[in-house]
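Trainee: need a structure here:
(one chain, ligands or ions: 1)
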Amino acid sequence: MKKILAMLLAAALVLSLAACSTGTTSDDDGADSSETPTASPTAEPEETDGGEALAEDASCDIVVIGGGGAGMTAALKATEAGASVILLEKEDVLGGNTRLGSSVFNAAGSTMQQEAGTEGATAEAFAEKLTASNTAADPEAIRILAENSGAAADWLSSIGMDLSRVFNTFGHGPADGSAPGALIVEALTNEMDAQGVDYRTGNLATAILRDDEGAVTGVEVSTEEGDYTISANAVILASGGFAANSEMVAEYDPRWEGLSYSCSPSATGEGTQIAIAAGAAVSNMDNVKVNPTAYYLDDTNCISMAPLRINGCIMVSHDGVRICNEEGAYTANSEIIMNNGGEVYMVFDQTLVDSVAAISNYNDMGYFLSADTLEGLADLMDVDKEAFLETCATFTTYAQNGEDPDFGKTNFTTDLTNGPYYAVLVKPAVQGTFGGVTTNYEAEVLDTEGNVIPGLYAAGECADDGTMGEAPLTVNVVFGTIAAENAVAYAAAGEAETAA
Ligand SMILES: Cc1cc2nc3c(=O)[nH]c(=O)nc-3n(C[C@H](O)[C@H](O)[C@H](O)COP(=O)(O)OP(=O)(O)OC[C@H]3O[C@@H](n4cnc5c(N)ncnc54)[C@H](O)[C@@H]3O)c2cc1C
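Mentor: Residues are numbered from 1 along each chain as shown. Prediction:
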C-alpha cells in the first residue's frame with residue numbers, strides 16, 4: 001500500500017485556500033508499532049500475474065477513520081499506548097479541514113502562557129468564555145475541553161508545533177503570526193512518521209462492521225487498487241464534518257442553502273453517513289458554522305479572512321457603516337451580514353499587515369484594495385463615502401479610548417491611523433458542521449436508543465461531543481486523546497477476554 005506523505009510548503013499553506021492541496025509521494029510503507037501490538041497492521045497490495053495491485057485484508061487493534069487533527073492525534077496517542085493502529089484517509093493528502101485552521105489554537109494554562117506571563121488564562125476563565133459565547137454548549141464538555149487544553153497545546157508543542165505566540169488571553173499560534181492549521185498537520189504527520197504509524201491515504205472507509213451482539217469488528221475500505229476489510233477491536237471515527245456537502249447542509253439547516261463553502265472539499269460527510277448506517281445516533285446536525293468573512297476567488301473557492309477579524313479590522317457595509325461586533329460569533333455575524341446586503345468590507349491599515357504573517361501573505365497575493373488615504377480607499381470601494389469616512393473617524397476615537405460603545409469590540413490593535421489603508425470585500429460561506437454522531441464524555445458513540453456502541457468512538461468535527469464548535473483545533477487534541485485512551489482500554493479488555 002503506497003503511503004503518500006503530506007508535505008506541503010508552509011508558505012502556500014498559510015493561505016488556507018479551501019480548494020488547494022498538493023502533496024509529494026513516497027513509497028515507504030507504514031511500519032508496525034514499535035511496541036508489541038497484538039495484531040500487526042499489515043496490508044501490502046498483492047501483485048497479480050498481470051502486475052495489477054490488489055488490496056489485501058488486514059487486522060489491527062484500532063482503526064482510525066480520517067487523517068485530520070483529531071484522527072492523527074488519536075492514532076498517535078493509541079500508538080504511544082502500545083496499540084497497533086491503521087489510519088485511513090480518503091484523500092491523497094492528510095489534513096482535511098485541520099490544514100485550513102487559519103487563526104488560533106485556543107487553550108488555557110499552557111507552558112507558553114506561563115512563560116509569557118499571560119494573566120487570567122485559567123481553565124475556569126476559558127470555560128466561562130466558551131460557554132458565554134455559546135450558550136448551547138454542554139458545560140461539562142466545555143470543562144473537559146478547558147481543563148485539558150493547556151496540556152493539549154503543550155503536547156503539540158512537544159512534537160514540534162510552534163505555538164509560542166500567545167495573544168487575546170487564550171490564543172496561541174506560530175511566532176510570526178502564520179496560520180496554525182497547516183503547521184499542526186505537518187507536526188502530526190512528522191510524528192506519525194517518527195512513530196511508524198501505518199497511515200494510508202487514498203483509502204475511503206465505506207462501512208463500519210458490527211457483530212451479532214453489536215460490537216464493532218472492523219471496517220470496509222475502498223481504494224483505487226480494490227476493496228478490502230480491516231478487522232479491528234475498536235474504531236475511532238475522526239472523519240470531519242459535512243460543510244462541503246451542500247445537500248447535507250441544506251437538509252439539516254436550510255438557512256444556508258446556496259452558499260459556497262470555505263472549508264476543505266474533503267468535508268463531505270461520508271464518515272457520518274457510514275456511522276448512521278452502522279446504527280449511530282446523530283444530533284445537533286443543524287449546528288452549522290458559517291464563516292462571515294470569506295473572500296470568494298470564484299463561485300466555489302473561498303479563503304477565510306478570519307485573521308483580519310481577530311486581529312482588529314472593522315467591517316462596514318456598502319452603506320459605509322459598521323453593523324456588528326467584528327469579533328462576534330461566526331454564525332451570528334453571518335446572519336447579520338446576510339440581513340444587511342450579504343457582503344461587507346473588512347477595513348484595516350498597515351499595522352495589521354506588518355504584525356500578522358497570514359495578513360501579509362494575503363496582501364502579497366493581491367487580495368486587498370489599498371490606498372494611501374482613507375479617502376483614496378473609499379474611492380476604490382463600492383461604499384457611501386461620507387458615511388464610511390465618518391465611521392472610520394469614529395472608530396479611531398473608540399480605539400484611542402479603548403472602548404466601543406456601539407458594538408463592544410475589544411481588539412484595538414489598530415486605530416486606523418497608520419496608512420496605507422486596506423479593504424477586502426467578503427461574504428459568508430459554510431465553514432464547518434459541529435453536530436454529528438452523538439458521543440458521551442468518554443468519546444463513545446451512542447446508538448439511536450442512547451446505548452453505547454461497543455468499540456466505536458468519535459472525535460473532532462464528526463462528533464457531537466457537547467462543545468458545539470468551540471475551539472475545534474483544541475477539541476481535536478483533547479477529544480482525540482480521550483477517544484484513543486478509551487479505545488485502547490476497550491481493545492485491551494477484549495483481547496484479555498479472548499485470551500482467557
Ligand atoms: C478556513 C477554516 C479556518 C479555521 N480556523 C480555525 C481556527 O483558527 N481555530 C480553530 O480552532 N479551528 C479552526 N477551524 C476549524 C478546524 O480547523 C476544524 O474544525 C478541525 O480541524 C476539524 O478537524 P477534524 O480532524 O475533525 O476533521 P478534518 O481535519 O476535516 O479531518 C477529517 C479527515 O477525514 C477524512 N475522511 C472523511 N471521511 C472519510 C472516510 N470515510 N474514510 C477516510 N477518510 C475520511 C477527510 O478527508 C479529512 O482529511 C477552521 C476551519 C476552516 C475550514
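
Trainee: For the stretch 251-400 of the chain, what lies in contact range of the ligand?
Mentor: Taking C-beta under 6 Å from any ligand atom, the part of the stretch 251-400 of the chain that reaches the ligand is made up of Ser262, Cys263, Ser264, Ser266, Ala267, Glu270, Gly271, Ser304. To be clear about C-beta, it is placed using only N, CA and C from the backbone, and glycine gets the same treatment.

Trainee: Could you identify the pair within those residues that is furthest apart?
Mentor: The distance between the two most remote of those (C-beta to C-beta) is 23.4 Å, for Glu270 and Ser304.

Trainee: Spatially nearest residue to the residue positioned nearest the centre of the chain (excluding sequence neighbours)?
Mentor: In the chain, the residue lying closest to the centroid (C-alpha atoms, centre = their mean) is Thr98, at 3.8 Å. Once flanking residues are discounted, Thr98 sits nearest to Gly69: 3.7 Å by C-beta to C-beta, 6 or more residues apart in numbering.

Trainee: if I look at the one you found, how far off is the ligand?
Mentor: Separation of Gly69 from the ligand (C-beta to the nearest ligand atom, to the nearest Å) stands at 4 Å.

Trainee: now swap in Asp227 and tell me
Mentor: Taken as C-beta to the nearest ligand atom, the span from Asp227 to the ligand is 13 Å.

Trainee: residues in contact with that residue?
Mentor: Ala55, Thr206, Glu220, Val221 (C-beta atoms under 8 Å, 6 or more residues apart in numbering).

Trainee: Most neighbours among these, which one?
Mentor: Highest neighbour count within the contacts of Asp227: Val221, with 25 neighbours (other C-beta atoms under 10 Å).

Trainee: Find the nearest non-adjacent residue to the residue in the stretch 51-200 of the chain that the ligand sits nearest to, please.
Mentor: Taking C-beta to the nearest ligand atom, the ligand has its nearest neighbour within the stretch 51-200 of the chain at Gly68, 2.0 Å off. Excluding the flanking residues, the one nearest Gly68 by C-beta to C-beta, 6+ apart is Gly96, at 3.4 Å.

Trainee: just checking, that neighbour touches Met72?
Mentor: No: with contact defined as C-beta atoms under 8 Å, Gly96 does not count as touching Met72 (9.6 Å).

Trainee: Can you add pLDDT and give the residues of the stretch 251-400 of the chain next to the ligand back as TSV?
Mentor: Below are those laid out as TSV (pLDDT from 0 to 100):
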residue	pLDDT
Ser262	88
Cys263	92
Ser264	94
Ser266	97
Ala267	97
Glu270	96
Gly271	98
Ser304	88
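
Trainee: which residue ranges form the helices in the stretch 251-400 of the chain?
Mentor: Secondary structure of the stretch 251-400 of the chain (DSSP state H, counting those that start in this stretch): helices at 270-277, 306-310, 330-338, 350-355, 357-364, 374-380, 385-401.

Trainee: For the first one, name the packing helices and strands.
Mentor: Applying 3 or more C-beta pairs under 8 Å, 6 or more residues apart in numbering; DSSP states H and E, one finds that helix 270-277 makes contact with strand 204-210, strand 282-283, strand 436-438.

Trainee: What is the nearest of the contacts of Asp227 to the ligand?
Mentor: Using C-beta to the nearest ligand atom, the contacts of Asp227 come closest to the ligand at Thr206, 6.9 Å.

Trainee: Wait, that closest one touches Gly218, no?
Mentor: No: with contact defined as C-beta under 8 Å, Thr206 does not reach Gly218; the gap is 11.9 Å.

Trainee: and the residue of the stretch 401-500 of the chain found nearest the ligand, how far is that from Tyr422?
Mentor: For the stretch 401-500 of the chain and the ligand, the shortest gap (C-beta to the nearest ligand atom) falls at Gly460, measuring 2.3 Å. Applying C-beta to C-beta, to the nearest Å, the value for Gly460 to Tyr422 is 34 Å.

Trainee: Which one's more surrounded, those two?
Mentor: Gly460 (34 against 24).

Trainee: can you pull the pLDDT of Ala12?
Mentor: Note for Ala12: predicted pLDDT of 29.

Trainee: Actually, Gly419.
Mentor: Predicted confidence (pLDDT) for Gly419: 98.

Trainee: ok, the helix of greatest length in the chain near the ligand or not?
Mentor: Assignment by DSSP state H gives helix 472-499 as the longest helix of the chain. Yes: if you take C-beta under 6 Å from any ligand atom as the test, helix 472-499 does meet the ligand, through Pro472, Leu473, Asn476.

Trainee: Distance to Val383 for those - can I get that in a markdown table?
Mentor: Formatted as a markdown table, these follow (distance: C-beta to C-beta, whole Å):
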| residue | distance to Val383 |
| --- | --- |
| Pro472 | 33 |
| Leu473 | 34 |
| Asn476 | 39 |
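
Trainee: Save these as a markdown table, and put in neighbour count and pLDDT too.
Mentor: Below are the residues of helix 472-499 next to the ligand laid out as a markdown table (neighbours: other C-beta atoms under 10 Å; pLDDT from 0 to 100):
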| residue | neighbour count | pLDDT |
| --- | --- | --- |
| Pro472 | 24 | 98 |
| Leu473 | 25 | 98 |
| Asn476 | 31 | 98 |
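
Trainee: so which of these would you say is closest to Ile144?
Mentor: Asn476 (13.6 Å).

Trainee: hang on, the earlier thing: compare neighbour counts for Glu270 and Ser304 and give me the winner.
Mentor: Ser304 (27 against 20).

Trainee: Ok, which of the helices of the stretch 251-400 of the chain comes nearest Ala187?
Mentor: Per C-beta to C-beta, nearest to Ala187 of the helices of the stretch 251-400 of the chain: helix 357-364, 17.4 Å.

Trainee: The closest one: how far from the chain's middle?
Mentor: 21 Å (C-alpha atoms, centre = their mean, to the nearest Å).

Trainee: For it, buried residues please.
Mentor: For helix 357-364, burial by neighbour count (16 or more other C-beta atoms under 10 Å) applies to Ala357, Ala358, Ile359, Ser360, Asn361, Tyr362, Asn363.

Trainee: Equivalent analysis for stretch 210-229, please.
Mentor: Arg210, Ala215, Val216, Thr217, Gly218, Val219, Val221, Ser222, Thr223, Glu225, Tyr228, Thr229.

Trainee: Could I have the CA atoms of it written out in CSV?
Mentor: The C-alpha coordinates for stretch 210-229 follow below in CSV (Å, rounded to 0.1, in the frame of the first residue of the first chain):
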residue,chain,number,x,y,z
ARG,A,210,-20.5,-4.9,13.9
ASP,A,211,-21.1,-8.4,15.1
ASP,A,212,-24.4,-10.0,16.2
GLU,A,213,-24.0,-8.6,19.7
GLY,A,214,-23.5,-5.1,18.3
ALA,A,215,-19.8,-4.8,19.0
VAL,A,216,-17.6,-3.2,16.3
THR,A,217,-15.4,-5.6,14.4
GLY,A,218,-13.7,-3.5,11.8
VAL,A,219,-14.2,-1.5,8.7
GLU,A,220,-14.6,-1.9,5.0
VAL,A,221,-12.3,0.1,2.8
SER,A,222,-12.3,1.2,-0.8
THR,A,223,-9.1,2.1,-2.7
GLU,A,224,-8.1,2.5,-6.3
GLU,A,225,-6.5,-0.9,-6.1
GLY,A,226,-9.7,-2.5,-4.8
ASP,A,227,-11.7,-3.0,-1.7
TYR,A,228,-10.6,-4.8,1.5
THR,A,229,-11.6,-5.3,5.1
